[in-house]
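In: pasting the sequence and the predicted model now:
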Amino acid sequence: DTAVSQTPKYLVTQMGNDKSIKCEQNLGHDTMYWYKQDSKKFLKIMFSYNNKELIINETVPNRFSPKSPDKAHLNLHINSLELGDSAVYFCASSQGGQAFFGQGTRLTVV
Amino acid sequence: GENVEQHPSTLSVQEGDSAVIKCTYSDSASNYFPWYKQELGKGPQLIIDIRSNVGEKKDQRIAVTLNKTAKHFSLHITETQPEDSAVYFCAARAPSGYSTLTFGKGTMLLVSP
């Protein structure tokens, strides 16, 4: 059983398109996150949700809209994709400090 | 906010040698320090963590040390093996509210047979 799973693993799309990435965790954690990893491997927090409520939004363009239908799911919708959005996006969940990551979604905007 | 510096950015060792990766943090309130291993094409995987009430923690070939006064912590891997080759990240988290992990920039460890 995968603890944090996200789909799709790869996403190739054209500039201007809208796309979504889905994330689910079966750990029973209250807190979920989206991280962006750029080409230099730097991991940067984008959003944090606690029990379906947005807690942190780290100056991410409003083209990025997270949505948490329940505390086990946190999806990321991206409008009007730009070349600079190309990166690996990681979902994670945590409880009591320890965070567990999904396998990542490699987004390539062409 | 918290700032985490990690060194070195790359580290090459021979199989069987030890490897040490060092991190410093800026927020003296931070009290939780995990280390993650990221293999190619995979997500970061938690390998060991330490809380501020402990100075050292070991798990088989890996150990983490924490110096709260100097605000630095280190990962030690002994008897390295080729499968230890990966990118390693340190992170720090403050206890306040819903604070998140702040990551270092990563260290690419290459273990040559």
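Out: Nice, thanks for sending it over.
In: let's see the pLDDT reported for the residue in chain B that chain A sits nearest to.
Out: Residue of chain B nearest chain A, by C-beta to the nearest C-beta: B:G43 (3.7 Å). To be clear about C-beta, it is placed using only N, CA and C from the backbone, and glycine gets the same treatment. Looking at B:G43, its pLDDT is 95.
In: pretty sure it contacts A:T105?
Out: No: here B:G43 does not reach A:T105: they are 10.0 Å apart, not a contact under C-beta atoms under 8 Å.
In: show me whatever sits in contact with both of those two.
Out: Residues touching both B:G43 and A:T105 by C-beta atoms under 8 Å, 6 or more residues apart in numbering or on different chains: A:F90.
In: confidence score at residue 94?
Out: With no chain named, the answer covers chain A. Per-residue pLDDT puts A:S94 at 91.
In: nope, chain B
Out: 81.
In: what about the residue of chain B closest to chain A, which SS state?
Out: coil (DSSP: H, G, I helix; E, B strand; the rest coil).
In: next up, the contacts around it.
Out: B:G43 is in contact with A:V4, A:F90, A:F101, A:G102, A:Q103, A:G104, counting by C-beta under 8 Å, 6+ apart.
In: how much space between it and B:S9?
Out: According to C-beta to C-beta, to the nearest Å, B:G43 and B:S9 sit 20 Å apart.
In: what does chain B put close to chain A?
Out: Neighbours of chain A within chain B, by C-beta under 8 Å from any C-beta of the partner chain: B:32, B:34, B:36, B:38, B:41-46, B:49, B:51, B:87, B:89, B:93, B:98, B:100-103, B:105-106, B:108.
In: cutoff 6 Å now
Out: B:Y32, B:K42, B:G43, B:P44, B:V87, B:Y98, B:T100, B:L101, B:F103, B:K105, B:G106 (C-beta under 6 Å from any C-beta of the partner chain).
In: ok, how many other residues are close to the first one?
Out: Read that as B:Y32. As a burial measure, B:Y32 scores 19 neighbours (other C-beta atoms under 10 Å in any protein chain shown).
In: correct me, but it touches A:G96?
Out: No: using C-beta atoms under 6 Å, B:Y32 makes no contact with A:G96, being 9.3 Å away.
In: in the chain, where is pLDDT below threshold?
Out: Answering for chain A, as no chain was given. Across chain A, the ranges flagged by pLDDT under 70 are A:1-2.
In: hmm, I had chain B in mind actually
Out: Along chain B, segments meeting pLDDT under 70 span B:96-98.
In: apply 80 and report the result again.
Out: Within chain B, the stretches with pLDDT under 80 are B:95-99.
In: tell me where it has strands.
Out: Secondary structure of chain B (DSSP state E): strands at B:4-7, B:10-14, B:19-25, B:32-38, B:45-51, B:56-59, B:62-67, B:72-77, B:86-92, B:102-103, B:107-112.
In: contacts for the last one next, please.
Out: To tie it back to what came earlier, the one meant is strand B:107-112. Strand B:107-112 is contacted from outside by B:10-15, B:19, B:21, B:80, B:82, B:84-85, B:87-88, using C-beta atoms under 6 Å, 6 or more residues apart in numbering or on different chains.
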